Each structure stands twice: as structure tokens, then as C-alpha cells.
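*Asks:* Generate coordinates for the sequence data below:
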Amino acid sequence: MPLLLRLRKLLFSQPSLHYTPTITHINEHQQHHKSLTTTKKNNNNKKKKLSWRSCIDCYCWFVGYLCTTWWLLLLLYTALPSALPVLESPGHRLKHEGLHAHHPVVLVPGIVTGALELWEGRPCAHGLFRQRLWGGSFSEILKRPLCWLEHMSLDNETGMDPPGIRVRPIPGLVAADYFTPGYFVWAVLIENLARIGYEDKNLHMATYDWRLSFHNTEVRDQSLSILKSRIELMVRTNGDRKVVVVPHSMGVLYFLHFMKWVEAPAPFGSGGGPDWCAKHIKAIINIGPAFLGVPKAVTSVFSAETKDVAFARAVFPGLLNSNLLGFQTLPHILRIARTWDSMISLLPKGGETIWGNIDWSPEGVYHCDLAKRKLIAPLFDDKAFSSNRSDGRIGFRIEETTNYGRMISFSSPSAKLSTCGSKEHVKSTQTIPMKSSACRETWTKFNDMNEDQIRSVAENKVYTARTVHDLLRFVAPKLMQRANAHFSYGIADDLDDPKYSHYKYWSNPLETKLPDAPEMEIYCYYGVGIPTERSYVYKLSQSSKCNNIPFQIDSSVDGNERDCLRGGVYFVDGDESVPSISAGFMCAKGWRGKTRFNPSGLPTYVREYWHRPPSNLLGGRGKESGAHVDILGNAAIIEDIMRVAAGANADEIGGDQILSDIMKISEHIKLHL
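*Replies:* Predicted structure coming up:
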């Protein structure tokens, strides 16, 4: 055979002068050439398939080794009980002390922690009827990611279900006990409450579709009406004892909205009357409350980033924007996040009065070093921030103060910055014609920005808590149009103004009053001692791909120890997700005593819990953790909740427990009370 091939090559590639190939010979040569080409392609395809198979095999082996190692460690932990001290759970200990279930307890989960299931879907979701799309194994993300994204997204115009899709919250305690198998949310608290006699009749999980605006949860699912009826039933069937409500994270805003809705007259409210809360609620224990919003909500809808995404980008450049398996991660995350109204409920509230401006912030300086971690109160004198220049420019004189008020800045920390509002963006949109480029069709999935407009967003500009909303209105107009209809982020001048009876103000504690229930107690429980995202340094993305997000956190920017700037992110004290200023200000000052936000003088208490991570791998997520979700397994918090549920008042559990400088920070905020 090799001899024949060599002979054919000589005959056809280098024919002699005395040989004239016939048509038959030429056809045979062409057919042979095609067969060789086909064989090469098949071999290349086989090699690609083999390479993919080898990658999948390596991944499976890695996962297998990881799971095996974990199970061996778990087996070792259970096999050596005498070598490792086992702490008694709060439920066992309090049961031995004689505590038992007294007040009914209502749990209100926050964003993303409640499970969702499919009731109606597209053909690609065949076989998933009443299967969990959110909260569970998440296996459908790997099997059919684009189909999963389509069903988890909401309509970008209405903020409701897209046509032909119905995804609904799962009822009951199983909706939020575990987020994924082995990763608890409310399970530890539920188990401990069960030790002293709690069960379904006096323990309820107020599930709702956390993707929707608070008003739309009632419009579509009647979630608020169900919660009202359930609380009334629990009070009647438990000896007329009032309920203890335990909301977490965004759930505190949801329940704040509920308290106004339940007392407001129809058509927006339930008509329960001004004394409904006083008759039915004994205490509200807010865990990890995001009363005044969180800065990371801004970056989530601006560029689908947080510090973890920025870190992943720095370690694995291009991975999140790559076309891995035809699925670009960040653009899809940004697209789905901009359809969830829950994201915009968490945007910062109170503007520059609460969060600071270009030259001032109430926190002062936060030390990242654990040995030196503390908040330093700088000199907050307005004269220190201004100069006597005739040009009126602001001169920043106190170099020690970190400008956390610069929530988003496109520059290095030392660059000269200028502010920019929505009017400038609108002007640029009208004067700069849209370029006809290949990127236009892709970018209209996010907005209608061209290259010049993208650059105009940056150019050494800074955005504070006031102007950042203008920025989002420009880059995500549909999202912010829904935000204007369902939420408000300002500070009320006159709470008696009839306009504040609209539901869009009910989840903002700075634009609404607490109920007239002087015996009801309000607690703010949250962790401290963890660096928490506060503001960001951005840059334009260098990627040339059309469908990439044009803005990204500049992970190359680092500061010194005093300003706690790491990887383009400024940090302050908090619970890793919510800064202490958002979690604690309302209980520390805004509602403390009789104020215009708390006219009946409801007693409010701040209880902070210092974060102590587990000392070893076998410690799990820790029984002394102050992290935003892990704190639900904190033994001290569980004990405090159980004592209040068993009938104790604030004095009996110790009143305030303040470990941070939240009181000093609150004093620096000049808010009319």
C-alpha cells in the first residue's frame, strides 16, 4: 500500500512530459484527496473529543477526590467524639433551664435564600414541573443553563412573569432551612426552637418570591395577605400571645413594608387599622438588617460584580467573560439581575446625608489589620474640608480620612475627580449619534450606549450615594424605571405629607413611620469585625468583545493599611455584606427614643456579635460567626432569639450589646429627628 501511494504521488504531482493523465485518473486523484481530507478531519474531531473527554474525566476525578476527602474528614470527626469537645446546643441548654415555647415565631427570609419551583415553563424545561429551580442541588444550571436563566428571569418591562412561565415560592419551613444540601440558612435556628416545643402550629416561614418588588408579591401571589392571615391565626390558636418576628437581610425591608401595608386602607393596604401591629406583634428581631441598603447592590446591577468577582477576574483573567461552553457568565448574570426588583430594593437610601459625599463619610478610617481593627473618628469639621480659595474649589486637608462617600470612582484614589449627574448623560445621548457597529445589536440587550457614551461615564468621574442613582438610570433605564415606581431612596422632610402614604415609600425607614405600638420591641442583631464592601474604584474594560460589560472593578488598585483599599474595593466594618452603618443606624439613632420616624417611642436595641471564624476545618461555618448568613447559626444569637420567644424582655437578655463604633458613627450623621 505505501508503494502504491508513493507511485500515485509521483504520477499525479510530478507528471513526466511523455505522460498525459486521463479524466478517469484525475477523478480518482480528486476522490482520493477528498478521502484523505475527510480522514484528517475525522482524526482532528476525534482528538478534540478525546481532549474534552480527558478534561471532563479530570474534573470528575477532582470532584471525586474532594468529596472523598470531605467524607473521610467527616467520618474522622464522628469517630473521635472524645478527642473533640462537643458544645451543647442552646436548645438543649435552655430546655434544661425550663424554657418552653411561648410566643409564636415568624421567620422572614431575605434575598436569594428562599426556594423557588417551576409551575409552568417553556419546552426546554420539560420534566421540571414543581422541581426546584432555586435552592437545592442547582443541577439544572449545569444541564441546561440558558433554559434555567430564561425561567429565573422576570419581564424587564413589568417586573413580573414572562409569558408562558410561572415560577413560585415553595411554602413551609423547607423553603429556607437549607440553601443547598449541607448549607444551612434557618435550619440551625429551627432545630433549636424545636427543642423547647416549637412546631408548625407556632413556627412559620413567611415565604415569598424574593425576585419581585414587595408590592408585586401581593399583586401576583397575595403573599402579604397570607402572612397577615397566618399571624392572626397563630395569635388566636396560641392563647392570644403576640408573635415574635425574625426577619433577615432584605426580609427586614419586606416586613417594614408589610407593617405599613397591613395598617393602610384599601386599595393599596389591607385595612387592618392603625392598631393591628400593636395587637399582634410582641417583638421584631432584625438579623443582619439592610435598612439603609448596601453598596454591593449598586455594583451588582452596574457591572454584575462584587469583591469576589473582582478577585476571580484578577486570578483568572478572561475566564468570566470567555465563551466557555457558549455561556458567558457575567453578561448573563447582569441580564438576569436587572430583571429582579429585589436588587433595587437594596440600593443605598438616605443619599449623601447617610453615606457621605465626595469629601466626607461618617465612618472615618477603618483598619484592616485585625490587631488594629477599629474605627477612628476624624475631625468632622466642615471648615476642615473647605479652603478660602476664590475659585470655590474644595480643598481636602485631612489626609487620614478615607473618602468612602465616593461610592464609585473611575480613577486612582489620588486623581482629581468631578461629579456627574443624569443631565450630562442625557445630553450626551442626544448629541452623540449611535454608531453602526457590530456591537450595537449585542449591547442593546443591556442599554443603548455607544463607545463615546461609555467613556463619558468614566473620565475620572466620581459617583456618591446621590448621583449613583443617576448613573444607574443611564446605564439601566428599564430597571430604574421600575425602581421609581416601587421604591424610594430619599429622606422625608414632612412624614405627614399625603404622598408618603404610597407603597413606594413603605420599605424606606427614612420615609415612613413605625407603627403606633409603644410596647413592641425592635432589635437590630448583626455581626461586626469583618471587612465589608463600602465603595469601589472602577476602570473601563479592556476586552474587545462586543457583548462584554464595558466597566469593571480595577483589582490592581491597592491602598495602605489606613484606608483599607484592597483590589479596587474600600472596606469598612460590618458583617461581610451589610456595613454596620446600614444595619445599626436606625436602632442606634434614627428610631432611638421618640423621633419623627418613631413617634410612639418603640424601644429599640442594638446587639452586635463579634465575628470569630472556626479555628479548624472541622468547625464548619462556626458557632460564633458574624458573617451575614452564617450568623443564623451563631449560638449567642440563637439563645437571644429563643429567650425573647420564650417571653423575656430586652432587659432580661442584656439590652444593648455594642462592640463597634456605631454610636459615634451615628453622631456624625446630621439627620433631623
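*Asks:* Mind pulling up the pLDDT for the spatially closest residue to Tyr198 that is not a sequence neighbour?
*Replies:* Leaving aside its chain neighbours, Tyr198 sits nearest to Ala101 (4.9 Å; criterion: CB to CB, 6 or more residues apart in numbering). No exception for glycine: its C-beta is placed from N, CA and C like everyone else's. Ala101 carries a pLDDT value of 96.
*Asks:* For the helix or strand containing His257, enumerate the helices and strands it packs against.
*Replies:* Assigning secondary structure by DSSP states H and E places His257 in helix 251-263. Contacts defined by 3 or more CB pairs under 8 Å, 6 or more residues apart in numbering; DSSP states H and E place helix 251-263 against strand 105-108, helix 214-221, helix 223-237, strand 243-247, helix 276-280, strand 281-287.
*Asks:* what residues does the following helix or strand past the last one touch?
*Replies:* The helix or strand immediately downstream of strand 281-287 is helix 295-302, counting by DSSP H and E. Outside of helix 295-302, the residues within contact range by CB atoms under 8 Å, 6 or more residues apart in numbering are 305-307, 334, 337-338, 343-344, 346-348, 355, 407-408, 468, 471-472, 475-476, 479, 533-536, 551, 553, 577, 579.
*Asks:* Tell me which entries of the residues you listed lie within strands.
*Replies:* 408, 533-536, 551, 553 (DSSP state E).
*Asks:* ChimeraX command to pick out the buried ones of those?
*Replies:* Buried residues within those, by 16 or more other CB atoms under 10 Å, are selected in ChimeraX with:
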select :408,533,534,535,536,551,553
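*Asks:* what about Leu203, neighbour count?
*Replies:* Using other CB atoms under 10 Å, Leu203 has 20 neighbouring residues.
*Asks:* Cross-check the contact I'm expecting between it and Leu193.
*Replies:* Yes. Between Leu203 and Leu193 there is a contact under CB atoms under 8 Å: 6.1 Å.
*Asks:* overlap in contacts of these two?
*Replies:* Listed as contacting both Leu203 and Leu193 by CB under 8 Å, 6+ apart are Val105.
*Asks:* Return the distance of the residue nearest to Arg220 when sequence neighbours are not counted relative to Leu212.
*Replies:* Spatial nearest neighbour of Arg220, chain neighbours left out: Met160 (6.3 Å); criterion: CB to CB, 6+ apart. According to CB to CB, to the nearest Å, Met160 stands 7 Å off from Leu212.
*Asks:* With Ile658 instead?
*Replies:* Taking CB to CB, one finds Ile658 at 35 Å from Leu212.
*Asks:* Pick out whichever of those two has more residues nearby.
*Replies:* Leu212 (24 against 15).
*Asks:* any idea whether that one is helix, strand or coil?
*Replies:* coil (DSSP: H, G, I helix; E, B strand; the rest coil).
*Asks:* That one: what's its closest spatial neighbour, skipping adjacent residues?
*Replies:* Counting by CB to CB, 6+ apart, the residue nearest Leu212 is Asp341, at 5.9 Å.
*Asks:* and that neighbour, how many residues sit next to it?
*Replies:* Neighbours around Asp341, by other CB under 10 Å: 24.
*Asks:* pretty sure it contacts Asn156?
*Replies:* No. Asp341 lies out of contact with Asn156 (CB under 8 Å); the separation is 10.7 Å.
*Asks:* what sits in contact with each of the two?
*Replies:* Common neighbours of Asp341 and Asn156 (CB under 8 Å, 6+ apart) do not exist.
*Asks:* quick one: the nearest residue to Ser501 once chain neighbours are set aside and Gly271, what's the gap?
*Replies:* Of all residues not flanking Ser501 in the chain, Ala264 sits nearest, at 6.8 Å (CB to CB, 6+ apart). As judged by CB to CB, Ala264 and Gly271 stand 8 Å apart.
*Asks:* Likewise for Tyr505?
*Replies:* 19 Å.
*Asks:* Equivalent analysis for Val475, please.
*Replies:* Val475 is 40 Å from Gly271, by CB to CB.
*Asks:* So the two - more neighbours on which side?
*Replies:* Val475 (23 against 13).
*Asks:* I figured that one was touching Ala458, is that so?
*Replies:* No. Val475 is beyond contact range of Ala458, at 11.6 Å (criterion: CB under 8 Å).
*Asks:* all strands for the stretch 51-200 of the chain, in order.
*Replies:* 105-108, 116-120, 132-134, 166-169, 178-180, 183-184 (DSSP state E, counting those that start in this stretch).
*Asks:* Could you do the stretch 401-550 of the chain as well?
*Replies:* With DSSP E, counting those that start in this stretch, the ranges of strands along the stretch 401-550 of the chain come out as 408-409, 418-419, 461-463, 521-528, 530-540.
*Asks:* helices and strands around the first one, which ones?
*Replies:* Translated: strand 408-409. helix 295-302, strand 461-463, strand 530-540.
*Asks:* Let me see the mean pLDDT of that strand.
*Replies:* 93.
*Asks:* in its sheet, what does it sit against?
*Replies:* In the sheet, strand 408-409 lines up against strand 461-463 (antiparallel), strand 530-540 (parallel) (DSSP bridges).
*Asks:* what's the distance between the longest one and the middle of its chain?
*Replies:* Averaging C-alpha coordinates over strand 530-540 and over its chain gives two centres that are 14 Å apart (CA atoms, centre = their mean, to the nearest Å).
*Asks:* Tell me what angle it forms with helix 295-302.
*Replies:* Counting by axes from the mean of the first three to the mean of the last three CA atoms, to 10 degrees, strand 530-540 points 30 degrees away from the direction of helix 295-302.
*Asks:* Let's see strand 530-540 as PDB, backbone CA atoms only.
*Replies:* Provided in PDB are the C-alpha atoms of strand 530-540 (Å, rounded to 0.1, in the frame of the first residue of the first chain):
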ATOM      1  CA  ILE A 530     -15.400  41.600  59.100                       C
ATOM      2  CA  PRO A 531     -14.200  43.900  56.300                       C
ATOM      3  CA  THR A 532     -17.300  44.800  54.300                       C
ATOM      4  CA  GLU A 533     -17.600  46.400  50.900                       C
ATOM      5  CA  ARG A 534     -18.300  50.200  51.000                       C
ATOM      6  CA  SER A 535     -17.100  51.800  47.800                       C
ATOM      7  CA  TYR A 536     -15.300  50.900  44.600                       C
ATOM      8  CA  VAL A 537     -12.600  52.000  42.100                       C
ATOM      9  CA  TYR A 538     -13.600  51.200  38.500                       C
ATOM     10  CA  LYS A 539     -12.000  51.200  35.100                       C
ATOM     11  CA  LEU A 540     -13.100  50.600  31.500                       C
END
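*Asks:* Just want the most central residue of the protein.
*Replies:* Centroid-nearest residue in the chain, with CA atoms, centre = their mean: Ala297, separated by 6.1 Å.
*Asks:* show me the contacts for the residue nearest to that residue when sequence neighbours are not counted.
*Replies:* The shortest distance from Ala297 to any non-neighbouring residue, by CB to CB, 6+ apart, is to Leu346 (3.8 Å). Shown in contact with Leu346 (CB under 8 Å, 6+ apart): 111, 250, 253, 290, 293-294, 297.
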